[in-house]
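K.L.:
I'd like to go over a predicted model; first the sequence, then the structure.
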Amino acid sequence: MTDLAQRILDAIGETERIARDACGVAWTDSVTAMIHVDPAVIRDNKLAYGHLGFVASTDRSSLGDAYRRHIARNDPDTVLRRCAADRRVLSRHTTGAISLMADGRERGRLCPADHRRMPCPDLLDLADSYGITEEDSHG
Ligand SMILES: [Zn+2]
């Protein structure tokens, strides 16, 4: 595994841990300008100790509405699904990378998914989505 792939994997893992610490479930956006954990999962022990499902509230302005919708659309359940998809993308673009050999020495690698030189554009885009910049990505 390349350094870039490991950094992406570490970032995915950290994102998953944070989402699980935030109960790892769906949140709902309500007309009362509050975001709650989905009532169907409030039976979880973690939620039983004082949280009662409350996540956040906003004012009723259009900006508050936008904040609330944004927060609800990035709930832990959604984040965990995105992380699972990102793990699949990372695996497709790293597992079985093809070594380019010359003079008996490796002269780079090709992505097993798109056969472009590593790190391929999809891997760089995935890195970017976790705040890993291109100048950090060569290695
Ligand atoms: Zn690729």
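P.N.:
Good, I have the coordinates.

K.L.:
Can you get me a residue count around residue 36?
P.N.:
By the measure other C-beta atoms under 10 Å, the count of residues near residue 36 is 20. (Glycine included, C-beta is placed from N, CA and C.)

K.L.:
any idea how far it lies from the ion?
P.N.:
Per C-beta to the ion, to the nearest Å, residue 36 is found 40 Å from the ion.

K.L.:
give me the element that residue is part of.
P.N.:
strand 34-37 (DSSP states H and E).

K.L.:
Repeat that for residue 78.
P.N.:
helix 76-92.

K.L.:
Is the residue lying closest to residue 5 once chain neighbours are set aside in a helix, a strand, or coil?
P.N.:
Once flanking residues are discounted, residue 5 sits nearest to residue 94: 4.7 Å by C-beta to C-beta, 6 or more residues apart in numbering. Classification of residue 94 by DSSP: H, G, I helix; E, B strand; the rest coil places it in coil.
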